[in-house]
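1. Have a look; sequence and predicted model below, questions after that.
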Amino acid sequence: MKGCVFSTVRIFDTTLRDGEQAPGIDLTVEQKVKIARRLADMGVDVIEAGFPASSEGEFIATKKILEEIGDMTEVIGLSRANKNDIDKTIQSGLGSIHVFIATSDIHLKYKLRMTREEVLDKIYENVRYAKDHGMVVEYSPEDATRTEEDFLLTAVKTAIDAGADRINIPDTVGTMQPFKFYDLIRKIVGVAGDKIISVHCHNDFGLATANSLAGLFAGARQVHVTVNGIGERAGNASLEEVVMGAKKLFGFNVNVKTWMLYETSKMISQMTGVPVPYFKAIVGDNAFGHEAGIHVHGVLENPSTYEPLTPEEVGNFRRIELGKHSGIHGLKKILDDQGIYLDDISLREVLAEIKSMADRGEKITSEDARRIALKYVTH
Ligand SMILES: CC(=O)SCCNC(=O)CCNC(=O)[C@H](O)C(C)(C)COP(=O)(O)OP(=O)(O)OC[C@H]1O[C@@H](n2cnc3c(N)ncnc32)[C@H](O)[C@@H]1OP(=O)(O)O
Ligand SMILES: CC(C)C(=O)C(=O)O
C-alpha cells in the first residue's frame, strides 16, 4: 500500500470530549463512566475522557473513568497550553495529557493575541512541563490545516524537541481536501521521526471521514473519532465510518470489536438525545435496508451483490421492506418467513395490491402483506 508503513491504526475516541462539546450535549459523571466502559470494552485504544480544568464535574468524571477503565485503555485529558490546566490534569491522576495551542495566524491574531514566537515558546514550555511531570504528551497545533506550512512544521518540531510523544494534526474547521491532507500528513510524518502522527478531522464540508482516511493512508498511525460523528458544529469523523473504512477499504488492522458498533451507536444516541440519521453509514437503520425489487432479489441470492459489508460484522441488521418498488422475490421471502406459501399468480396479485397501496402513499408493513396474502390462501 503506497504511503502506508504501519498496519495497525490506533483509535483515539473523543466522544466524551469533542463529542460532548456540541451544544445540547451535557453528560453526567455516571453517563460518562458508562460510555467510557462501553468504549473500552469495544477496544478503542485511547479515550479522551474530558477537559479536567473545565468544570468540577469534568474533573470528577475524568478521575472516575481512569479508576474504572484505566487498566484496559489509555485515558487522556485535554489541556490548554498553560500550567493551571496541566496541573489540574495531573491532579486528576491521568498519566496522559493532550496539550493544544493554535498555530494559524487567524487564531493567533484574534483569539490568542500572540506572536508566532510566543506560541512556539508556549508549546515548548508546556509540553516540557507536562513531560517533566511524567506525562505521556500528545500535542495538537489547533487549526493546523489553516496554518502557514513552514510554521506548522516548526511548531511540530518544537513540540517534539520538548518531548511530545505524539503529534495530532487537527483540521479544526473541516476545510481540508483529502488530496491536500494526504500531502500535508506525508510532510509531517517526514519530520516527525518515530513519533506517532495522529489526525483529527471535522465534518463542516462532509469530508471528515475521507480526510481521516487520507491521513492514515499518508502514514498517520492514530485517528481521532467520535461515535455517530458527534462534535463541534457538523461534528467529527465518525468512529464507525473510519473504523470500517480503514479496515475494509484500506486493509488496516483496527483493535475495535466491530460487531459492537451498532449497539454502541444506539447507546450514545439514547444518552445524548441526538438521533442517528436513518441513512447514516454503518449504523443507520437503513444501512442494510432494501426495498427495490432488483436489489432484494440480488441480496437474497447473495448479499454481496448490494452490500459492501455484512450487517453482522457491525452488529446491524438487514431489513427487507415492502413498497411500490418491491418485486416478487422479496414479497415471497417476507411471506415465507411468516409461513405463508402462495402460488405465483396469487403472489402477483398480492404484489399488485401492495403497490397500489404504496402509490397512495401508504407505508406497507409485513403485517399488511400477511393480511392481504391470507385472502389468497386456500384451505
Ligand atoms: C478546537 C477545540 O475544540 S479546543 C477545546 C475547546 N473546548 C472548550 O472550550 C471546552 C471547555 N472550556 C471551558 O470550560 C472554558 O472555556 C475554560 C475553562 C477552558 C476557560 O474558560 P474562561 O477562563 O472563562 O475563558 P474563555 O473560555 O472565555 O476564553 C478562553 C481563554 O483561553 C485562551 N486560550 C484558548 N486556547 C488556548 C490554548 N490552547 N492555550 C492557552 N490559552 C488558550 C484564550 O486566549 C482565552 O484567554 P483570555 O481569557 O486570557 O482571553
Ligand atoms: C483540541 C483540538 C484537537 C480540536 O479539538 C480541534 O482542533 O478540533
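-> Perfect, I can see it now. Residues are numbered from 1 along each chain as shown. Ligands and ions are numbered 1, 2, ... in the order given.

2. ok, which residues in the chain are in contact with ligand 1?
-> For the chain, the contact set with ligand 1 under Cβ under 6 Å from any ligand atom comprises 18, 21, 51, 53-54, 80-82, 100-101, 111-112, 142, 172, 232. In short, each C-beta sits where N, CA and C put it, glycine included.

3. Any figure for the gap between the closest residue to ligand 1 within the stretch 151-300 of the chain and ligand 2?
-> Closest to ligand 1 within the stretch 151-300 of the chain is T172: 5.2 Å, counting by Cβ to the nearest ligand atom. Distance, T172 to ligand 2, by Cβ to the nearest ligand atom, to the nearest Å: 4 Å.

4. So what's the residue count around that residue?
-> Here the count is done by other Cβ atoms under 10 Å, and T172 has 24 residues near it.

5. Could you list which residues are in contact with it?
-> 102, 142-146, 200, 202 (Cβ atoms under 8 Å, 6 or more residues apart in numbering).

6. again, but for M357
-> Taking Cβ under 8 Å, 6+ apart, we find M357 in contact with 364, 368.

7. just checking, it is part of a helix?
-> Yes. Counting by DSSP: H, G, I helix; E, B strand; the rest coil, M357 is located in a helix.

8. how much space between it and T378?
-> Note on M357: its distance to T378, by Cβ to Cβ, to the nearest Å, is 23 Å.

9. Up against ligand 2, what does this protein have?
-> Listed as neighbours of ligand 2 in the chain under the rule Cβ under 6 Å from any ligand atom: 18, 100, 140, 142, 168, 170, 172, 200, 202.

10. Which secondary structure element is home to the spatially closest residue to the first one that is not a sequence neighbour?
-> When you say that, I think you mean D18. In this structure, D18 finds its nearest non-sequential neighbour in G231, 4.5 Å apart by Cβ to Cβ, 6 or more residues apart in numbering. Assessed by DSSP states H and E, G231 sits outside every helix and strand.

11. Could you pull up the residues touching G231?
-> Here G231 is in contact with 14, 18-19, 21-22, 202-203 (Cβ under 8 Å, 6+ apart).

12. cutoff 10 Å now
-> Neighbour list for G231: 14-15, 17-22, 25, 200, 202-203, 208, 224-225, 237-238 [criterion: Cβ atoms under 10 Å, 6 or more residues apart in numbering].

13. and the residue nearest to A162 when sequence neighbours are not counted, what pLDDT?
-> Nearest non-adjacent residue to A162, counting by Cβ to Cβ, 6+ apart: V127, 3.8 Å away. As predicted, V127 sits at a pLDDT of 99.

14. Look up phi and psi at H202.
-> phi -100, psi 160 (degrees, to the nearest 10).

15. cool, and the one 4 residues further on?
-> When read as degrees, to the nearest 10, the backbone of G206 gives phi 70, psi 20.

16. wait, isn't it in contact with M176?
-> No. Contact criterion Cβ atoms under 10 Å: G206 and M176 do not qualify, at 11.9 Å.

17. more neighbours, the two?
-> Here G206 and M176 are set side by side on neighbour count (other Cβ under 10 Å), and the busier one is M176, at 30 against 10.

18. Surely the more buried one is in a strand?
-> No. According to three-state DSSP, M176 belongs to no strand; its state is coil.

19. Quick one: the helices in the stretch 251-379 of the chain, in order.
-> For the stretch 251-379 of the chain, applying DSSP state H, counting those that start in this stretch gives helices covering 261-272, 293-301, 311-314, 328-337, 344-359, 366-374.

20. As JSON lines, those helices with distance to A164 would be great.
-> Formatted as JSON lines, those follow (distance: least, Cβ to Cβ, whole Å):
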{"stretch": "helix 261-272", "distance to A164": "30"}
{"stretch": "helix 293-301", "distance to A164": "49"}
{"stretch": "helix 311-314", "distance to A164": "34"}
{"stretch": "helix 328-337", "distance to A164": "56"}
{"stretch": "helix 344-359", "distance to A164": "59"}
{"stretch": "helix 366-374", "distance to A164": "57"}
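
21. want to throw the ones you listed into JSON lines with mean pLDDT and distance to I76?
-> JSON lines is the format used below for the helices of the stretch 251-379 of the chain (pLDDT from 0 to 100; distance: least, Cβ to Cβ, whole Å):
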{"stretch": "helix 261-272", "mean pLDDT": "98", "distance to I76": "19"}
{"stretch": "helix 293-301", "mean pLDDT": "98", "distance to I76": "42"}
{"stretch": "helix 311-314", "mean pLDDT": "98", "distance to I76": "26"}
{"stretch": "helix 328-337", "mean pLDDT": "98", "distance to I76": "48"}
{"stretch": "helix 344-359", "mean pLDDT": "97", "distance to I76": "51"}
{"stretch": "helix 366-374", "mean pLDDT": "97", "distance to I76": "47"}
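
22. Cheers, nothing more for now.
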